[in-house]
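Predicted structure and sequence below. I'll ask about it afterward.
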Amino acid sequence: MRSTTIENPSEIQRWRDRFYAARWVLITCVLVFGSLYLTGKLAFADALLAFLLIFLAAIVVPRRARLMRADLPSKDKSTVWPDTSLKRFAQALPDPCLIVDRRAILRYRNSAAASEFPASSVGDPLAFSLRNPILLNTIDQAIKTDSRVTGEFHETVPSANWYQVSVTPLEPKNAKVGPTKRSELLVVTIVSQTAQRKHDQMRADFVANASHELRTPLTSLIGFLDTLRGPAANDAAAREKFMAIMHAQAERMSRLIDDLLSLSRIELRQHMRPTTKADMGAIAKEAIEHLQPQAGEENVEINFINELDDATITGDRNELMQVMTNLIENAIKYGAAGKKVDVQLRSCSQHANHKVVVEVIDYGQGIPAEHVPRLTERFYRVDAESSRRKKGTGLGLAIVKHIITRHRGDLHIFSEVGKGTKVSLHLS
């Protein structure tokens with residue numbers, strides 16, 4: 001009788017790994033079908049057939065390499081860890097660099113990768129922390145083709161980020177020599193494309209928004225200039241009237257441009273969380289003092305209530321000052337009928353990740369419920385004519401939303417017609 005030899009030992013290991021990965025599913029099936037059989041709810045033949053079908057599906061259906069566990073024998077583990085020179089090379093790279101094995105298990109990450117992807121853990125499958133399908137498929141393709149594969153992927157949490165990924169086998173497998181330690185490793189480099197994408201989007205948005213919003217005041221200016229050069233050339237009274245209107249339209253264009261540029265700058269840095277400290281109590285107090293003359297003109301009283309001994313958070317002071325100024329100014333302009341505005345600081349008890357709650361409350365006419373979800377959209381106005389009369393650009397709350405998003409905070413707006421509006425910020 002001719003003996004049979006195993007030509008591919010790795011094939012047996014592959015089937016063992018599949019069985020090991022599916023062991024809990026199979027054990028659960030045995031317990032479930034056994035219980036159903038013992039209680040008389042399922043015939044033995046039916047239970048056995050159902051278990052065999054699940055067993056075949058769990059064992060025979062191919063599983064992605066990235067989902068397999070890192071439970072390798074100790075003699076194999078020593079062959080897949082990168083050496084010191086490779087770690088030093090990865091550490092020297094300015095961009096995130098991950099070193100994975102051919103099971104897509106993370107074997108090393110440099111400092112840039114640890115900062116950009118803090119959830120990733122050495123020794124775990126990369127899919128445990130980075131679940132983007134494009135990234136994982138790029139790694140799979142590099143493993144299958146044993147060649148360099150590139151791709152681009154997009155993350156939306158905690159903010160929009162774009163990345164370009166390149167996966168390269170450290171040393172292609174050599175069929176003649178056989179696999180080596182380096183041939184079991186792949187280098188994954190990830191380059192952020194966020195700044196470039198946001199810059200491109202910023203330019204496109206600026207052109208679209210500026211052309212739309214500036215058209216009306218520009219048309220007015222051109223019309224008045226034509227009138228002053230023609231029929232009203234010698235009419236002093238008309239000239240004074242038209243000059244005042246032209247000045248107001250020019251100021252409107254200036255405010256629009258300032259707000260558009262401010263919003264664009266914030267969006268460009270939205271993926272970069274601030275690292276400096278800021279005192280929200282001092283910021284709120286300074287914003288109130290700055291707006292006291294405007295409040296006096298509208299006959300509105302501003303009350304400041306600070307319940308915190310320490311209101312220090314991580315944030316950009318200038319941007320947070322812009323937030324408080326916008327919110328309090330909006331409350332004065334659109335809630336003047338209530339004759340008062342409350343600015344409150346208190347500790348945050350609803351969210352463990354946030355420390356301070358800032359609330360700006362007016363007691364004016366309020367906002368209909370159907371408009372509230374859209375208030376932070378660019379150029380959205382509940383009453384466009386009233387907003388223009390009060391020198392609003394329609395960008396104030398959009399700027400506030402983007403600043404709070406950059407600070408990894410939460411923004412909530414509550415309003416009821418006839419009772420006023422409350423804007424709540426949760427910051428840490």
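Great, that's in hand.

ok so residue 50 is a helix residue?
Yes: the assignment for residue 50 by DSSP: H, G, I helix; E, B strand; the rest coil puts it in a helix.

Grab the nearest non-local neighbour of it.
residue 33 (6.1 Å; CB to CB, 6 or more residues apart in numbering). Placement of C-beta: from N, CA and C, glycine included.

Next, give phi and psi for the one you found.
phi -70, psi -30 (degrees, to the nearest 10).

So which bits of stretch 130-148 are buried?
130, 135-136, 138-140, 142-143 (16 or more other CB atoms under 10 Å).

ok, now stretch 406-424?
406-411, 413, 415, 420-424.

first vs last residue of it, how far apart are they?
Distance across stretch 406-424, first residue to last, is 16 Å (CA to CA, to the nearest Å).

Quick one: mean pLDDT over that stretch.
The average pLDDT within stretch 406-424 is 92.

swap in stretch 55-63?
64.

Repeat that for stretch 282-292.
94.

Quick one: find the helix or strand in the chain with the lowest mean pLDDT.
In the chain, no helix or strand scores lower on mean pLDDT, DSSP states H and E than helix 74-77, which sits at a mean of 42.

That helix: what's the following helix or strand?
helix 84-92 (DSSP states H and E).

Tell me the first helix or strand C-terminal of that next one.
Taking DSSP H and E, what comes next after helix 84-92 is strand 97-101.

Just want the angle from that following strand to helix 84-92.
140 degrees (axes from the mean of the first three to the mean of the last three CA atoms, to 10 degrees).

Given strand 97-101, what are its sheet partners and their directions?
strand 106-109 (antiparallel), strand 185-192 (antiparallel) (DSSP bridges).

Using PDB, write out every CA atom in the longest one.
As requested, C-alpha coordinates have been extracted for strand 185-192 and formatted as PDB (Å, rounded to 0.1, in the frame of the first residue of the first chain):
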ATOM      1  CA  LEU A 185       5.500  41.300   7.700                       C
ATOM      2  CA  LEU A 186       3.900  44.200   5.900                       C
ATOM      3  CA  VAL A 187       4.400  47.900   6.300                       C
ATOM      4  CA  VAL A 188       1.300  50.000   6.400                       C
ATOM      5  CA  THR A 189       1.900  53.800   6.000                       C
ATOM      6  CA  ILE A 190      -1.100  56.200   6.400                       C
ATOM      7  CA  VAL A 191      -0.800  59.800   5.200                       C
ATOM      8  CA  SER A 192      -3.500  62.300   6.200                       C
END
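
got a list of contacts for that strand?
80, 82, 86, 90, 93, 95-102, 107, 113, 116, 139, 142-143, 161-171 (CB atoms under 8 Å, 6 or more residues apart in numbering).

how much space between residue 159 and residue 405?
Separation of residue 159 from residue 405 (CB to CB, to the nearest Å): 6 Å.

Looking at the two now, which is surrounded by more residues?
Neighbour count, other CB atoms under 10 Å: between residue 159 and residue 405, residue 405 has more, with 20 against 15.

Quick check: that one vs residue 355, distance?
In this structure, residue 405 and residue 355 are 17 Å apart, going by CB to CB.

got the residue ranges for the helices in the stretch 151-300 of the chain?
194-229, 236-268, 280-297 (DSSP state H, counting those that start in this stretch).

what would those look like in CSV with mean neighbour count?
Output for those, formatted as CSV (neighbours: other CB atoms under 10 Å):
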stretch, mean neighbour count
helix 194-229, 14
helix 236-268, 15
helix 280-297, 17
